[in-house]
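Novice: Next comes the sequence, and after it the predicted model I'd like to discuss.
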Amino acid sequence: MRPLRILTWHVHGNYLLYLSQANVEFYLPVAPGRPGFGGRGNSFPFPERVRDVPAEAVRDLELDGVLFQSRRNYCEDQYEVLSARQRRLPRIYLEHDPPQEHPTNTRHPVDDPEMLLVHVTPFNDLMWDSGRTPTRVIEHGVVVTPGVRYTGELARGLVVVNHLQRRGRRLGADVFERVREAVALDLVGMEAEALGGLGEIPPLELARFEARYRFFFNPIRYTSLGLAVIEAMMVGLPIVGLATTEMSTVVENGVSGYVSTDLGWLIDRMRELLADPGEARRLGEQARRRATERFAIARFAREWEDTFTAVVGRPARERALGAPGWGVTS
């Protein structure tokens, strides 16, 4: 059987790279200078089944379904690039984030019993008011550069966040600055220089770059579970972060790192890791084992393949009823 043909947008490069491990043909609309229409780009080694298509040619494609990844995709872009017939195709909305307007009372922009809303963490599914839309959770799957393993000889912590100064308190800019006063920390990511950081590290070089650091610190108060955290775990870094969102289920204190809402306590744990490379290595090995078990790329690809097959293969009336076979959570 031929792979399913799915239109989507390039919203999160790392996620799209991992998603492309599924045996699905993805078509990315391209329109120079337009946000979300950058196509494959040059930063990630997408397989050949990820294909660019000029935005004006999308309506001529024979597609099996559409995967939305942002509110703009759903509320605006689809009406500009899809034909009326394509807008009636099976549709999935992939929600990357928890609600930002209000943490518990925000209604998701999709309220459609004929669609499927996929969340990347159980926390996101818990927090969104998804209305009539059936939901499913597909947790992240990650793979890092083969052969890269933790060495930890650099007695510093590493923070990986894009545009941290611009994104402010929600992403923990103030937390980063407070902790940096007490512990040696380096920041990398887009516009990291604005906060005295080292700048952006190319995605394919990040694993090898971070393997030298003693620990990984995640200062983020409120977002989805960051791929950067999981990627660092896969390398073997011990993780230190805030015990909020899905982080509290991923890192076990004294086993794979430390999480808490008490910054003073976390600073003490970071100092201990800087002073004890052996303990840092022990925690990092457990972090790698946990990530390998929970965030395996084979499981992730299989769940997405099963999801696309279920959605594309079910008549509209069954999709509207959320009939058995969806594997929905609400």
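Specialist: Structure's in. What do you need?

Novice: Would you state the strands of the stretch 151-300 of the chain in chain order?
Specialist: Taking DSSP state E, counting those that start in this stretch, the strands of the stretch 151-300 of the chain run over residues 154-160, 185-188, 213-218, 239-242, 257-260.

Novice: any idea of the mean pLDDT for the third one?
Specialist: Read it as strand 213-218. Mean pLDDT, strand 213-218: 98.

Novice: Pull the residues that contact it.
Specialist: By C-beta atoms under 8 Å, 6 or more residues apart in numbering, the surrounding residues in contact with strand 213-218 are 152, 154-160, 172, 176, 179, 185-186, 210, 226, 228-229, 232-233, 237-242, 247, 257, 270, 273-274, 277, 280, 284. Where you see a C-beta, it was placed from the backbone N, CA and C, and this is true even at glycine.

Novice: Kindly recompute the last result at 6 Å.
Specialist: 152, 154-159, 229, 232, 237-241, 273-274, 280 (C-beta atoms under 6 Å, 6 or more residues apart in numbering).

Novice: Quick check on those: which are buried?
Specialist: By neighbour count, with 16 or more other C-beta atoms under 10 Å, these hold 152, 157-159, 229, 232, 237-241, 273-274, 280 as buried.

Novice: now, among the residues you listed, which is nearest to Ile138?
Specialist: Of all the buried ones among the contacts of strand 213-218, Val229 has the smallest distance to Ile138: 17.2 Å, by C-beta to C-beta.

Novice: returning to what we had before: can you put the buried ones among the contacts of strand 213-218 in JSON lines and add distance to His10?
Specialist: Shown next, in JSON lines, are the buried ones among the contacts of strand 213-218 (distance: C-beta to C-beta, whole Å):
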{"residue": "Gly152", "distance to His10": "34"}
{"residue": "Gly157", "distance to His10": "31"}
{"residue": "Leu158", "distance to His10": "26"}
{"residue": "Val159", "distance to His10": "25"}
{"residue": "Val229", "distance to His10": "22"}
{"residue": "Ala232", "distance to His10": "24"}
{"residue": "Leu237", "distance to His10": "28"}
{"residue": "Pro238", "distance to His10": "32"}
{"residue": "Ile239", "distance to His10": "28"}
{"residue": "Val240", "distance to His10": "31"}
{"residue": "Gly241", "distance to His10": "28"}
{"residue": "Leu273", "distance to His10": "36"}
{"residue": "Leu274", "distance to His10": "38"}
{"residue": "Ala280", "distance to His10": "36"}
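
Novice: End to end on stretch 80-89, go ahead and measure it.
Specialist: 16 Å (C-alpha to C-alpha, to the nearest Å).

Novice: buried ones in it?
Specialist: Using 16+ other C-beta under 10 Å as the test for burial, stretch 80-89 gives 81-82, 86, 89.

Novice: closest to Ile138 among the residues you listed?
Specialist: Leu89 (20.0 Å).

Novice: what's the spacing between the closest one and Pro103?
Specialist: In this view, Leu89 and Pro103 are 33 Å apart by C-beta to C-beta, to the nearest Å.

Novice: Kindly report the same for Thr151.
Specialist: Counting by C-beta to C-beta, the gap from Thr151 to Pro103 is 39 Å.

Novice: neighbour-wise, which of these two wins?
Specialist: Taking neighbours as other C-beta atoms under 10 Å, Thr151 and Pro103 compare with Thr151 leading, 16 against 12.

Novice: Ala275: neighbouring residues, count only.
Specialist: By other C-beta under 10 Å, neighbour count at Ala275 equals 11.

Novice: Report the separation between it and Arg269.
Specialist: According to C-beta to C-beta, Ala275 and Arg269 sit 11 Å apart.
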